[in-house]
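Chemist: Here is a sequence with its predicted model. Questions after.
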Amino acid sequence: QLQLVESGGGLVQPGGSLRLSCAASSGFTFNYYAIGWFRQAPGKEREGVSCISSSGTNYADSVKGRFTISRDNAKNTVYLQMNSLKPEDTAIYYCAAGMAFGSGWYLMDTSAFGSWGQGIQVTVSS
C-alpha cells in the first residue's frame, strides 16, 4: 500500500509562510495518483485544502491566492506552499492519495483517497 509522510509543519506567526511536503513510498507509479491536502482543526470536521493530479489542481476558497500546491513526480513528493497564514489555518494537516479518475479527487471527497499520512501540526499564532 502506498505510504505517505508529511513534513514541514510547525509554529509560525500570522502573515508568515510554511511549506509542507508529502513524500510517498517508492514502487508506485506516482503520477497516476491524485494527492490531496486536508486539515482538521479541534472540534471541526476534516476539510479539503488543495489537490493535484496530472489533470490539474483545485483549492478551497479559504486558501485561494495564499496556498500553492505542486508536485515533483521524480521525487514522489507533493508540496503545499502556504503564504499569508492566518490563525484560522491552525490545524493538523494530512496528505492523502487516490487514483486520479472520476471527480471525487477534484472535489476533495475524502472517500476518493485511500491512503493517508499521519498528519502534521501547523499552528499560526503570535
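Modeler: That came through, no problem.
Chemist: what's the burial count for the residue lying closest to S111 once chain neighbours are set aside?
Modeler: Computed as CB to CB, 6 or more residues apart in numbering, the closest residue to S111 that is not its neighbour in sequence is G104, at 6.6 Å. Bear in mind the C-beta positions are built from the backbone N, C-alpha and C, glycine included. Applying other CB atoms under 10 Å, we find 18 other residues in the vicinity of G104.
Chemist: Am I right that G104 falls within a strand?
Modeler: No - going by DSSP: H, G, I helix; E, B strand; the rest coil, the assignment for G104 is coil, not a strand.
Chemist: Isn't it up against A112?
Modeler: Yes - with contact defined as CB atoms under 8 Å, G104 reaches A112; the gap is 3.0 Å.
Chemist: Could you pull out the residues contacting both of those two?
Modeler: Jointly contacting G104 and A112 under the rule CB atoms under 8 Å, 6 or more residues apart in numbering are G98.
Chemist: element containing the residue most central in space within the chain?
Modeler: Compute the mean C-alpha point of the chain, and by CA atoms, centre = their mean the closest residue is W37, 1.9 Å away. W37 is located in strand 33-40, with elements delineated by DSSP states H and E.
Chemist: What residues of that strand count as buried?
Modeler: Y33, A34, I35, G36, W37, F38, R39 (16 or more other CB atoms under 10 Å).
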